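**Q** sequence first, then the predicted structure, then my questions.
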Amino acid sequence: MKWAVIGTWKMAYDGVCKAAEILEKGGIAAEAVLAGCSDGEDNPNYHSVGLGGRPDRNGRVFLDGAFMDGDTLRFGAVAGLEGFRSPSRIAYALKDEDANNFLAGPGAAIYARAHGFEERDNVTAEGLAIWQKEKDRLRSLSAYDGHDTICFTAKDRHGTVCTAVSTSGLFMKEYGRVGDSPVAGCGFYADSLIGGAAATGMGEEIMKGSLSFLACHLMEEGKSPMEAANEAVWRLDRRLRQKTGSCRPMSLICLDKEGNYGVGTNILFPFAYACEGQKPVLLIAEPADGKTIIRNV
Ligand code: GLY
C-alpha cells in the first residue's frame, strides 16, 4: 500500500523529508506526523511554532497542538501551553486517556509535567526582538501577519492515516486566546476510512466552517482531495463574504485514503508533499477565481 505525507508551509519541507524517511522504512503514520511537528517545534528559525514561536501580546509564548489517529478517531489536544518542548507529543499522549483528551493552560502543563514531558522556555532572544519590532509597527499589521501553523497528515503502508498540528497561535494574541489548531474538526481531522485534513490561517474563520471535518466529509461523499479541499475553503470564503463582506486567510491540506493530496486556499500557500516513489517536493497553491491552482516552486 502506498504511503504519503503532506505538510503546511515551506517550514514543513524538512519535516516532510523526515516523515517520508520513516514511512519509506515501514514506520507508522503517527511516528511520521510527530517527527514532522517536532522538526518545526525545535527549529528556532520558525517563528510561529515551538522554540522561538510568536509571543502573545504580553511577550509570553503559549503553544497549541493536537494529534488524531484515523484508525480509532482518538485525539488529544493542548491549548495555551507554556514552557514545554512539544505540544504535539503531549497531545499524542492525551489521545490514550479515557476522557480529558483536550487540556488547556495550567491543566495541560500539570499533565505534561506529571508525564515527564521535557520542559523548555520557548521564548528566544530573536523571537522577542521580532515581537518588539512588530509590536511597534502593530497599527499597520493585520492579526494574521507572521502566524502559520505547522500541520502534517500522513498515511502509512498499513493504511493508517494520522494528523498532527503545532502552533504558537495568532500574532499578538490575547492571553487565553485559542484558535482552530487544537479544536478537532476545525484545525485537524483523520479517519483512515476516508483520509485526513488540517488547516492553517485565521483560526477565527476556520472554526466558523469546521474546515478539516468538512474536507473529510466531502471526500467521503466521493470528492477527490483537491475538490474537497477547494470546496471546503471556498464555500466558507463565499459564505463569510456574503454575510460579513470579507474573509480572512485560510488554507487547508488533505490526503485521501489512497495517499493523494488536495489543497484549498484563499492566499498564496506553499506546502510540501511526498509519497511512495516520489521524492519530497515543495509546491505552491494559489487562489484563482474561487479555485486553487497548484504550481511548482
Ligand atoms: N490557525 C492557528 C490559529 O488561528 O491560532
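**A** That came in fine, so what should we check first? Numbers count the residues shown, from 1 in each chain.

**Q** please report phi then psi for the spatially most central residue of the chain.
**A** Nearest residue to the geometric centre of the chain (Cα atoms, centre = their mean): residue 151, 2.9 Å. Dihedral pair for residue 151: phi -130, psi 140, per degrees, to the nearest 10.

**Q** measure the residue nearest to it when sequence neighbours are not counted to residue 68 for me?
**A** Distance criterion Cβ to Cβ, 6 or more residues apart in numbering; nearest residue to residue 151, sequence neighbours excluded, is residue 198 at 3.4 Å. (C-beta placed from N, C-alpha, C; glycine too.) Separation of residue 198 from residue 68 (Cβ to Cβ, to the nearest Å): 9 Å.

**Q** quick one on the thing from earlier: give me the neighbour count for the residue nearest to residue 151.
**A** If you count neighbours by other Cβ atoms under 10 Å, residue 198 ends up with 33.

**Q** that one: which element?
**A** strand 195-201 (DSSP states H and E).

**Q** hmm, residue 220 is touching residue 192, no?
**A** No - checked against Cβ atoms under 8 Å, the pair residue 220 and residue 192 is beyond contact range at 11.9 Å.

**Q** more crowded one of those two?
**A** Remark: of residue 220 and residue 192, residue 192 carries more neighbours, 20 against 15, as counted by other Cβ under 10 Å.

**Q** was I right to think the more buried one contacts residue 154?
**A** No - with contacts counted by Cβ under 8 Å, residue 192 stays clear of residue 154, the gap being 11.1 Å.

**Q** now do the shared contacts for those two.
**A** residue 161 (Cβ atoms under 8 Å, 6 or more residues apart in numbering).

**Q** that older thread, from the ligand, how far off is the residue nearest to the centre of the chain?
**A** 9 Å (Cβ to the nearest ligand atom, to the nearest Å).

**Q** OK, contacts around that residue?
**A** Contacts for residue 151 (Cβ under 8 Å, 6+ apart) come out as 7-8, 12, 163-166, 181, 187-188, 198-200, 253.

**Q** mind putting the residues you listed into CSV with pLDDT, distance to residue 121 and secondary structure?
**A** CSV is the format used below for those (pLDDT from 0 to 100; distance: Cβ to Cβ, whole Å; DSSP: H, G, I helix; E, B strand; the rest coil):
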residue, pLDDT, distance to residue 121, secondary structure
7, 98, 26, strand
8, 98, 25, strand
12, 97, 24, helix
163, 99, 28, strand
164, 98, 23, strand
165, 98, 22, strand
166, 98, 17, strand
181, 98, 21, coil
187, 98, 25, coil
188, 98, 26, strand
198, 98, 27, strand
199, 98, 28, strand
200, 97, 25, strand
253, 98, 30, strand
